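Undergrad: below are the sequence and a predicted model; questions follow.
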Amino acid sequence: MSVDEGKKRIVIEILGEEYIIRSSSPREHVFEVGKYVNRLMKELCEKYPLMSLQKIAILTALNLASDLLTLRRQEKHRKR
């Protein structure tokens, strides 16, 4: 059985570059994720125009991870 079995090929664009995503998630969800990441990265590029794309990508990942961990912590406290 192939790892990609059941996954759709979806093309998204981030900062003018196309990325092929293979996902079993709904197409709309993948597009929404791509648009969100693109918006965050554009905002950081505008705020820090001299920063490398690698650093922009890492800052974006750190911001997203921080948001995710905050939401998980809030959910954990709600279940108590």
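TA: Received the coordinates, thanks.
Undergrad: mind checking the pLDDT average for the helix or strand hosting residue 35?
TA: In this structure, residue 35 sits in helix 27-47 according to DSSP states H and E. The pLDDT scores in helix 27-47 average 98.
Undergrad: strands along this structure, start to end?
TA: 8-14, 17-23 (DSSP state E).
Undergrad: out of those, which comes closest to residue 35?
TA: strand 8-14 (7.9 Å; Cβ to Cβ). (C-beta placed from N, C-alpha, C; glycine too.)
Undergrad: that closest one: partners in the sheet, and parallel or antiparallel?
TA: Within its sheet, strand 8-14 is paired with strand 17-23 (antiparallel), according to DSSP bridges.
Undergrad: what residues of the strand it pairs with count as buried?
TA: Judged by neighbour count using 16 or more other Cβ atoms under 10 Å, the buried positions of strand 17-23 are residue 21.
Undergrad: can I get stretch 54-61 as CSV, trimmed to CA atoms?
TA: Output of stretch 54-61 as CSV, limited to C-alpha atoms (Å, rounded to 0.1, in the frame of the first residue of the first chain):
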residue,chain,number,x,y,z
GLN,A,54,14.3,31.1,5.8
LYS,A,55,14.0,33.3,9.0
ILE,A,56,10.5,34.4,7.9
ALA,A,57,9.5,30.8,7.6
ILE,A,58,10.9,29.9,11.0
LEU,A,59,9.2,32.9,12.6
THR,A,60,5.9,31.9,11.0
ALA,A,61,6.3,28.3,12.3
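Undergrad: surely residue 7 is in contact with residue 26?
TA: No. Using Cβ atoms under 8 Å, residue 7 is not in contact with residue 26, being 11.9 Å away.
Undergrad: residue nearest the centroid of the chain?
TA: residue 37 (4.4 Å; Cα atoms, centre = their mean).
Undergrad: show me what the residue lying closest to that residue once chain neighbours are set aside bridges to in the sheet.
TA: Nearest non-adjacent residue to residue 37, counting by Cβ to Cβ, 6 or more residues apart in numbering: residue 14, 5.8 Å away. Counting by DSSP bridges, residue 14 is bridged to residue 17.
Undergrad: gap between residue 14 and residue 77?
TA: 33 Å (Cβ to Cβ, to the nearest Å).
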